[in-house]
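*Asks:* Fold the stuff below for me.
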Amino acid sequence: MNRRVRRKVAKKSKEKLGVPGNPGIGDADLCLDSNEDVDWTGLPDDTVIQLFSCLNYRDRASLSSTCKIWRALGLSSCLWTSLDLRAHKCDPAMAISLASWCVNLQKLRFRGAECADAIIHLQARNLREISGDYCRKITDATLSMIVARHEALEALQLGPDFCERISSDAIKATAFCCPKLKKLRLSGLRDVSAEVINALAKHCQNLVDIGFLDCLKVDEVALGNVVSVLFLSVAGTSNMKWGVVSHLWHKLPKLIGLDVSRTDIGPSAVSRLLSLSPSLKVLCAMNCPVLEEDNTFSANKYEGKLLLALFTDIFKGLASLFAETTKMGKNVLLDWRNAKTKDKNLDEIMTWLEWILSHTLLRTAESNPRGLDAFWLKQGAAILLSLMQSSQEEVQERAATGLATFVVIDDENTSIDCGRAEAVMRDGGIRLLLNLAKSWREGLQSEAAKAIANLSVNANVAKAVAEEGGIQILAGLASSMNRLVAEEAAGGLWNLSVGEEHKGAIAEAGGVKALVDLIFKWFSGGDGVLERAAGALANLAADDKCSMEVALAGGVHALVMLARNCKFEGVQEQAARALANLAAHGDSNTNNAAVGQEAGALEALVQLTRSLHEGVRQEAAGALWNLSFDDRNREAIAAAGGVEALVALAQSCANASPGLQERAAGALWGLSVSEANSIAIGREGGVAPLIALARSETEDVHETAAGALWNLAFNPGNALRIVEEGGVRALVDLCSSSVSKMARFMAALALTYMFDGRMDEFALIVNLTESTSKSVNLDGARRMALKHIEAFVLTFSDPQAFATAAASSAPAALAQVTERARIQEAGHLRCSGAEIGRFVAMLRNPSSVLKACAAFALLQFTIPGGRHALHHASLMQSAGAARVLRAAAAAATAPLEAKIFARIVLRNLEHHHIESLI
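*Replies:* Take a look at the predicted model:
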């Protein structure tokens with residue numbers, strides 16, 4: 001079963017309100033009788049405004065349009081001082097429609113270039129703060145237009161992803177247009193020139209917080225001219241001349257906090273800055289390899305200065321900033337936030353440090369450098385959990401993102417560090433994350449859900465999430481109208497649904513319906529939410545009861561729709577896997593038939609076997625394998641071109657993964673149950689690739705290929721093809737050396753079909769009519785086959801037990817032989833009347849080896865307790881097999897094995913006859 005981890009929370013919401021669009025989340029204060037009429041317009045104004053404050057901007061604007069009273073309340077300035085556009089697509093048309101509400105807008109968060117282009121249409125002239133992410137495609141023209149329209153801007157922040165298309169020109173325009181600018185934080189710029197920095201120093205004289213993070217080049221000399229700066233960060237920036245920095249920046253008269261994390265700064269530059277800067281209080285140098293490699297460097301000799309590095313005690317260092325440190329520990333940040341007396345200067349430092357630490361830890365988690373296990377376990381996890389309780393929403397989100405990221409070892413293989421995950425759990429992180437997931441702020445919901453999803457890959461954490469009520473919370477979030485929230489919640493349910501113990505709880509919480517609804521709701525909304533929803537449904541469908549829930553919720557139609565129409569390979573793979581699991585319960589529910597009867601399902605799966613993506617081909621073949629157990633599906637798959645597609649797949653998967661090889665062979669095995677399909681597979685060239693797969697060293701692959709060859713060998717034409725393609729040697733090797741009893745059994749049965757005489761007659765006709773037939777030595781092949789069939793049967797024969805059974809008619813003696821001979825998995829095989837009849841006929845074959853093998857096969861098919869034993873017994877009774885069995889058991893010339901096995905089969909038939917009467 002698949003899982004996924006993803007890389008990117010919030011203070012606990014104090015309001016006792018259910019999250020809009022997310023039933024089941026939060027505490028319900030309003031418990032109204034569903035039959036009671038409520039005059040919503042009669043609610044107190046402050047209650048309506050409180051409700052409005054919990055909505056995203058689109059829902060708020062929509063609700064405001066319902067009546068005049070609510071429109072007036074919806075225009076309240078307190079509701080529109082801050083606006084987060086990240087949750088939904090915002091283009092110029094949407095921005096124009098929001099303009100009338102944005103007159104008093106002061107703070108704006110956005111995501112992506114399209115949204116950035118729309119900002120100017122909000123006409124929010126009083127805007128003070130702009131923060132954006134996913135900024136890679138934002139251009140100079142867009143940024144220049146934004147700053148030109150918002151001259152009152154005091155804070156501009158773009159990141160943490162790189163602003164690759166923004167140059168010095170746009171930053172210079174910012175300096176000219178925004179003289180009131182106090183905070184400027186930009187990530188991933190290619191070049192921040194001296195001209196730009198000098199322009200900022202000249203025109204933005206209130207600029208106190210500068211961050212040029214992860215830039216390729218920043219002019220160090222010019223930064224020394226920004227005398228207004230209090231807080232400066234060049235974290236992650238390369239090509240810095242630290243000698244120049246240490247000789248110039250200590251002269252900045254107001255510099256309080258400096259962040260040089262994730263750079264190549266060395267101990268000498270750090271020492272000079274700490275010792276020479278009279279105003280500097282905090283130097284953050286986390287994840288600086290050159291500094292950390294110097295074991296002689298001491299951070300304690302700089303009195304009144306705080307150095308934060310991976311080798312220092314972060315919490316203790318932060319506590320040293322306060323006058324009273326005796327009570328400070330891991331709760332230092334929480335104690336500061338809750339302090340009754342406030343120090344403005346200290347608050348500025350701590351607020352900046354929260355931002356710096358959240359950014360640095362996130363970037364460190366993303367790069368996942370080696371050697372940091374001790375840091376993450378001792379400090380890192382606790383710092384992130386503490387930052388998640390920040391009053392800064394952006395810090396909370398980044399801390400949650402860092403938490404989701406630092407546990408991931410291998411994103412591709414869905415591996416997480418169990419120690420780190422359980423450290424989060426031990427420090428109370430699960431409850432904290434779940435509380436944040438219940439926040440009414442959608443940005444926090446999505447980041448908290450993402451962290452929960454990644455952590456839940458660990459079984460112990462998943463158990464804790466379930467025990468803390470996380471399944472109900474995630475199921476509720478999956479119903480969110482915010483695609484990002486729904487996507488992360490679906491990811492959480494995907495990972496939780498891996499555990500068998502959680503599947504039922506997900507269904508009870510309404511998770512199945514929520515996941516199915518996601519597919520219909522966001523079918524055109526992107527691959528992320530669809531892949532996670534389909535992946536979770538695939539895991540749930542593996543459970544018999546949950547598979548019925550999926551079908552009842554409309555899951556068959558939804559998943560077939562994805563398989564038919566979605567072009568994203570990850571979605572196709574999970575949709576095919578879900579359909580495969582739905583079809584895997586043929587004996588216990590009707591989903592197998594339901595999938596086959598869904599319009600376009602089989603055609604879509606056949607088409608997916610031709611995908612360029614191996615995972616898609618594998619899951620599609622697996623679905624067709626499961627579906628082929630239904631008689632109608634089997635013929636419909638063939639009619640949809642399944643034989644040709646699956647033969648081509650088998651021919652092309654010689655170097656593919658064992659999973660794909662097994663499913664390709666399995667699908668052909670399933671189709672070959674039909675004689676018409678078996679003949680078609682032989683004619684399409686399916687014999688050769690199956691023989692190649694039978695030579696695989698992987699047990700599951702060669703076992704499945706043996707099953708397919710067994711079915712194909714029933715037809716004499718295919719049997720001859722197997723001989724011509726060198727299949728006898730492959731089957732003989734399986735029969736004698738496979739560790740799988742089932743592989744050996746089916747290889748032996750295939751050989752018995754091939755050499756019971758029917759192929760000889762066919763070969764004679766072919767040789768007379770087709771001069772191009774390959775020359776084969778049937779006699780030599782027969783001798784080799786019979787020798788190994790005999791050896792196979794003898795491996796299940798205990799001479800002492802056989803001698804006892806021959807001398808006694810006691811049931812216990814026969815039971816001992818049965819137990820020794822039984823192949824447990826053979827009880828799952830289902831034979832047709834023709835196949836049973838052929839084994840019965842072999843009991844009359846002159847070959848003693850074939851007699852013994854036929855009796856052995858009939859024993860396996862009729863052992864009480866086998867899934868299809870009663871069916872096989874009924875076929876044998878109808879065919880009058882009892883008489884043949886009695887003759888075989890009494891034949892003087894028959895081998896002892898054939899006699900004893902025949903007696904056991906007779907006893908089995910008697911048992912089933914009595915059982916049918918009861």
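*Asks:* before we move on, could you check phi and psi at residue 700?
*Replies:* Dihedral angles of residue 700 (phi, psi; degrees, to the nearest 10) stand at phi -60, psi -30.
*Asks:* Check residue 212 too.
*Replies:* Torsion angles, degrees, to the nearest 10, at residue 212: phi -110, psi 90.
*Asks:* That one against residue 218, yeah?
*Replies:* Yes: proximity of residue 212 to residue 218 meets the contact threshold set by CB atoms under 8 Å, at 4.9 Å. Every residue, glycine included, has its C-beta placed from N, CA and C.
*Asks:* Looking at these two now, which is surrounded by more residues?
*Replies:* Using other CB atoms under 10 Å, the more surrounded residue of residue 212 and residue 218 is residue 212, with 25 against 22.
*Asks:* how close does that one sit to residue 173?
*Replies:* Using CB to CB, to the nearest Å, we find residue 212 at a distance of 17 Å from residue 173.
*Asks:* where exactly do the helices run in the stretch 51-200 of the chain?
*Replies:* In the stretch 51-200 of the chain, the helices defined using DSSP state H, counting those that start in this stretch lie at 57-64, 68-74, 92-98, 113-118, 140-149, 168-177, 194-203.
*Asks:* Can you check which residues contact both of residue 212 and residue 218?
*Replies:* Residues touching both residue 212 and residue 218 (CB atoms under 8 Å, 6 or more residues apart in numbering) are 192, 234, 237.
*Asks:* Filter these down to just the ones in strands.
*Replies:* Judged by DSSP state E, these include no members of strands.
*Asks:* With pLDDT and distance to residue 722 added, can I get these in JSON lines?
*Replies:* Shown next, in JSON lines, are the shared contacts of residue 212 and residue 218 (pLDDT from 0 to 100; distance: CB to CB, whole Å):
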{"residue": "192", "pLDDT": "95", "distance to residue 722": "72"}
{"residue": "234", "pLDDT": "97", "distance to residue 722": "71"}
{"residue": "237", "pLDDT": "95", "distance to residue 722": "68"}
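*Asks:* Next, format those residues as CSV and append distance to residue 653 and neighbour count.
*Replies:* Converted to CSV, these look like this (distance: CB to CB, whole Å; neighbours: other CB atoms under 10 Å):
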residue, distance to residue 653, neighbour count
192, 53, 24
234, 52, 26
237, 49, 23
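*Asks:* So in this protein, where's the weakest helix or strand by average pLDDT?
*Replies:* Least confident helix or strand of the chain, by mean pLDDT, DSSP states H and E, is helix 758-769 with a mean of 69.
*Asks:* Check the model's average confidence along the helix or strand following it for me.
*Replies:* As assigned by DSSP states H and E, the chain's next helix or strand after helix 758-769 is helix 778-794. The pLDDT scores in helix 778-794 average 94.
*Asks:* Give me the contact list for helix 778-794.
*Replies:* By CB under 8 Å, 6+ apart, the list of residues contacting helix 778-794 reads 723, 728-729, 731-732, 735-736, 744-745, 748, 751-752, 754-755, 759-760, 763, 847, 849-850, 852-853, 856, 897.
*Asks:* try stretch 596-609
*Replies:* With CB under 8 Å, 6+ apart, stretch 596-609 has contacts from 556-557, 560, 563-564, 572, 576, 579, 583, 595, 616-617, 619-621, 623-624, 627, 630, 632-633, 636-637, 640-642, 645-646, 648-649.
*Asks:* try it again with 7 Å
*Replies:* 556-557, 560, 563-564, 572, 576, 579, 595, 616-617, 620-621, 623-624, 627, 630, 632-633, 636-637, 640-642, 645-646, 649 (CB atoms under 7 Å, 6 or more residues apart in numbering).
*Asks:* In helices, which of these fall?
*Replies:* Within the contacts of stretch 596-609, residues falling in helices by DSSP state H are 556-557, 560, 563-564, 572, 576, 579, 595, 616-617, 620-621, 623-624, 627, 632-633, 636-637, 642, 645-646, 649.
*Asks:* Any stretches of this protein with poor pLDDT?
*Replies:* For the chain, the stretches with pLDDT under 70 are 1-41, 324-330, 413, 586, 763-776.
*Asks:* ok, longest helix in it?
*Replies:* helix 344-367.
*Asks:* And it, what does it pack against?
*Replies:* strand 257-259, strand 282-284, helix 381-387, helix 393-406 (3 or more CB pairs under 7 Å, 6 or more residues apart in numbering; DSSP states H and E).
*Asks:* Please tell me how far that helix is from the chain's geometric centre.
*Replies:* 30 Å (CA atoms, centre = their mean, to the nearest Å).
*Asks:* which of the residues in that helix are buried?
*Replies:* The neighbour-count check on helix 344-367 (16 or more other CB atoms under 10 Å) flags 348-365 as buried.
*Asks:* From the rest of the structure, what touches it?
*Replies:* Helix 344-367 has contacts (CB under 7 Å, 6+ apart) with 7, 160, 209, 231, 233, 235-236, 256-257, 259, 261-262, 281-282, 284, 286-287, 321, 336, 380, 383-384, 387, 390, 392, 395, 398-399, 401-402, 405-406.
*Asks:* now the angle from it to helix 393-406?
*Replies:* 30 degrees (axes from the mean of the first three to the mean of the last three CA atoms, to 10 degrees).
*Asks:* Show me the helices in the stretch 451-600 of the chain, by range?
*Replies:* Assigned by DSSP H, counting those that start in this stretch, the stretch 451-600 of the chain shows helices spanning 459-467, 470-477, 483-496, 500-508, 511-521, 527-541, 544-552, 555-565, 569-582, 591-597.
*Asks:* Of those, which is nearest residue 241?
*Replies:* Residue 241 sits nearest to helix 483-496 of all those, at 41.1 Å, using CB to CB.
*Asks:* Could you list every helix and strand in contact with the closest one?
*Replies:* Under the contact definition 3+ CB pairs under 7 Å, 6+ apart, helix 483-496 sits against helix 442-455, helix 459-467, helix 470-477, helix 500-508, helix 511-521, helix 527-541.
*Asks:* and which of the shared contacts of residue 212 and residue 218 is nearest to residue 879?
*Replies:* Among the shared contacts of residue 212 and residue 218, and counting by CB to CB, the member closest to residue 879 is residue 237, at 83.7 Å.
*Asks:* give the contact list for the closest one.
*Replies:* Residue 237 makes contact with 212, 213, 214, 215, 218, 263 under the criterion CB under 7 Å, 6+ apart.
*Asks:* give me the number of residues near the second one?
*Replies:* Read it as residue 213. Counted by other CB under 10 Å, the residues lying close to residue 213 total 25.
*Asks:* Could you measure from it over to residue 137?
*Replies:* Using CB to CB, one gets 19 Å for the distance from residue 213 to residue 137.
*Asks:* Noted, bye for now.
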